[in-house]
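Novice: no sequence for this one, just the structure:
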C-alpha cells in the first residue's frame, strides 16, 4: 500500500474547466471518500487517479512516483466500477484471475490468490458461475474480489453501491469498510451519498463545482463545517439554514422571534447572517424563541422528523420521541444551544461556531 | 391512433394480411411455380407444359458442365463473401467508432455504395476495369506499369476475383453499419476495466469487444451468406458470366437457362437446387435466432 498525493490537479474539456486545482494528501492505508453532488468532479478526479482520464495539469503521485504519464495497468491500482464491469462471458473465477493471467503469473499462484479472495468474500460456491447468474450483491463482491486478487497499492471505488437496494447497500457498506481496514489498503471511494461518506471514511473530501470545499474527519466536518455548502451537504436530514439579523439581544429569526446569545457572542448589530442549526439540536419548548407551523410529520419508528415553516423559511426538526402532532399545528422550538453555526450570507463562509 | 394500436394487439391478422398477400403473390407462388416447372419441359411460349419427372435435375447434375462451374464459383464466392466484406466492414467500423474529425461524413461515404443499384455498380466498375480507357489502366500507366495492364475481366483465371472486388466495394458498407451498431453495445466501463487489468488493444478486443459484438457477427455472417448465394446482378452487369463461363454463378445460370436458352424446366431445376442450399443454411440460423428471442 502507498500514500497518494494530488497536487494542483486540473482537468479541462476544451474550454470547460471541470476540476480546478485540487490538492489532497491520502495517507498510507487511509480510507478517503470523495463526496459531492452530481457534476462536482469527484468521478473525474478518481478516473484521473486511475489513468482513465488525462491530467490537464498538476500531478498525481502514488507512492513516491508521479503517475501522470503511466498507463492504468502500470499504476498498481484496482478499480471497482459502479456497474461492476464484470466480463459477462467469463466465470467468477475467470473474472478474478484475468488481470493475473495478463500479468503472466503462474497457474498455481493465480489459483491460490483467487481462492483466498473467494474465501474472504464468501464467493467459494459461486466461482464457476457467470455474472448473469449472480445477484447485485454477489456481483459487487466479485468486483471487489477482482480488485483484491491484484493486491494493489490503491483501491479505487466509483459509486460502487449505487445499483444496490437500500438494505443491501447498508450491508455492503459495512463489508467494504471492514474489508479495506482488514487489508489495510489505501482506498479512494467516490460517492454522492453523504451517509456512505460519513459512515465509511477515515477522511472525507467534500467537492463542489470542481473545487474542494473541505477536507477532514467525518465528525469534524459534521461539527465544524467551513461553509454553508458543507453544512447543508453533510447530515441527514440536512442542517437548517435560516437568514437572521443581529439585534441587541441576539439574533432575530424568521417569523420575528429573538434567539438570545451571550453578550460576547453577539455579532455587530444589523449584520445579516445565515444561522445553521442541526435538526436534532432543536426541541419543542412552550417558551422557545422559534415560532413554527408544522407542515409534515414523518415518523420513522425510532425517530420523528417534523417539517416546519418558520416565517416562510423551511425547517426540519428531528426528535427521538414519538409526538402526537399533525400538519397545521403551531409549535415553539428552542435550539439546544450547544452548537450553532453563523455563516456570512454573502460568502457562505462560517463566521463562528458557537459551542456551549 | 390509440385505437389503432389497441386493434393491432387484438387482431394481429388484420394487420399482417396485406403484407402476407403481397408476399404470397410475389414470393410464395413463384417458389411453388418454379418447383412445378422444374419437373416440366417448357420453352416459355408453348401453351403446353410437359411433365418430365426428374429429367431436368438429371441433366443439370450429370450433363451440364456449366452448372458445376457455376456451383464451384458460387462456393468460392460465398466463402470469400464470408471473409472479406465482414472483415473489412469490422475494421472500418472499429476505425470509425473512434472520435475522429469528419467521422459522420466518412461513415456516410463508406455506406454510399450500398444504396447504389448493383447494376449501376457493375456498369461503373466495367468502365474502370476497361484495359484501354479504364481508371485502373490509366493509373497503372501513370505509375509506369503501362506495359503490364491486366485484362481484368477478360482473363478467365482471374475475372471472378475482379468481379468480387467490385462486390466487396459495394457490400462493405452494409457490414460496417451493422458492426457500428454492434459496437455501441460495448460497455465502456468493461473496456476501462480491461485497461486497468492490463489488457492491451488486442486483448481488449478479444475479451471485451468480441464477446459483446458476437450477436452482430453472427447476423452479419448469415446475411452475407444469403446475399452471396444469390449474387446475380453485379456478375450479370460486369461479365454476364464470361469469359467462357468462368464467372458463371448458380443464380445467373438459372436466369440464362430460362431467359436466354428458353429452357424453363432446367432453369427451374437450378433455382430449386439453389433454394434448397439456401434453406439448408438459413433454417439453422432462424431456429437459433428464435431460440435467442425466446430466451431474451
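Specialist: Now that the structure is in, tell me what you want to look at. These figures come from a predicted structure and were not determined experimentally.
Novice: so where is chain B shaky, pLDDT-wise?
Specialist: In the predicted model, chain B carries pLDDT under 70 at residues B:1-2, B:4-5, B:7-8, B:292-296.
Novice: so which bits of stretch A:130-142 are buried?
Specialist: A:130-131, A:134, A:137-142 (16 or more other C-beta atoms under 10 Å in any protein chain shown). Every C-beta, even on glycine, is put in place using the N, C-alpha and C of the backbone.
Novice: which ones among those map onto helices?
Specialist: Counting by DSSP state H, these place A:137-142 in helices.
Novice: turn those residues into TSV, columns for distance to residue B:122 and pLDDT.
Specialist: TSV is the format used below for these (distance: C-beta to C-beta, whole Å; pLDDT from 0 to 100):
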residue	distance to residue B:122	pLDDT
A:137	60	86
A:138	57	89
A:139	53	91
A:140	58	88
A:141	60	88
A:142	55	92
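Novice: of the residues you listed, just say which sits nearest to residue B:219.
Specialist: Residue B:219 lies nearest to residue A:139 out of these, by C-beta to C-beta, at 28.3 Å.
Novice: SS state for the closest residue to the closest one other than its chain neighbours?
Specialist: Leaving aside its sequence neighbours, residue A:139 sits nearest to residue A:84 (C-beta to C-beta, 6 or more residues apart in numbering or on different chains; 4.6 Å). On the three-state scheme (DSSP: H, G, I helix; E, B strand; the rest coil), residue A:84 is labelled coil.
Novice: residues near residue A:84, how many?
Specialist: Per other C-beta atoms under 10 Å in any protein chain shown, the neighbour tally for residue A:84 reads 23.
Novice: what of the one 4 residues further on?
Specialist: As a burial measure, the neighbour count of residue A:88 was computed by other C-beta under 10 Å and equals 14.
Novice: now for the residue nearest in space to the middle of chain A: which residues touch it?
Specialist: The centroid of chain A falls nearest to residue A:197 when counting by C-alpha atoms, centre = their mean (2.9 Å). By C-beta atoms under 8 Å, 6 or more residues apart in numbering or on different chains, residue A:197 lies in contact with A:33, A:35, A:191, A:204, A:218, A:234.
Novice: mind listing which of those are in strands?
Specialist: A:33, A:35, A:191, A:204 (DSSP state E).
Novice: dump the residues you listed into a markdown table; add distance to residue B:60, neighbour count and pLDDT as well.
Specialist: Formatted as a markdown table, the ones in strands among the contacts of residue A:197 follow (distance: C-beta to C-beta, whole Å; neighbours: other C-beta atoms under 10 Å in any protein chain shown; pLDDT from 0 to 100):
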| residue | distance to residue B:60 | neighbour count | pLDDT |
| --- | --- | --- | --- |
| A:33 | 77 | 25 | 95 |
| A:35 | 77 | 28 | 94 |
| A:191 | 72 | 25 | 93 |
| A:204 | 82 | 28 | 95 |
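Novice: now, among those residues, which is nearest to chain B?
Specialist: residue A:191 (16.6 Å; C-beta to the nearest C-beta).
Novice: and the helix or strand where residue A:43 lies, anywhere near chain B?
Specialist: Assessed by DSSP states H and E, residue A:43 sits inside helix A:42-50. Yes: counting by C-beta under 8 Å from any C-beta of the partner chain, chain B is contacted by helix A:42-50 at residue A:50.
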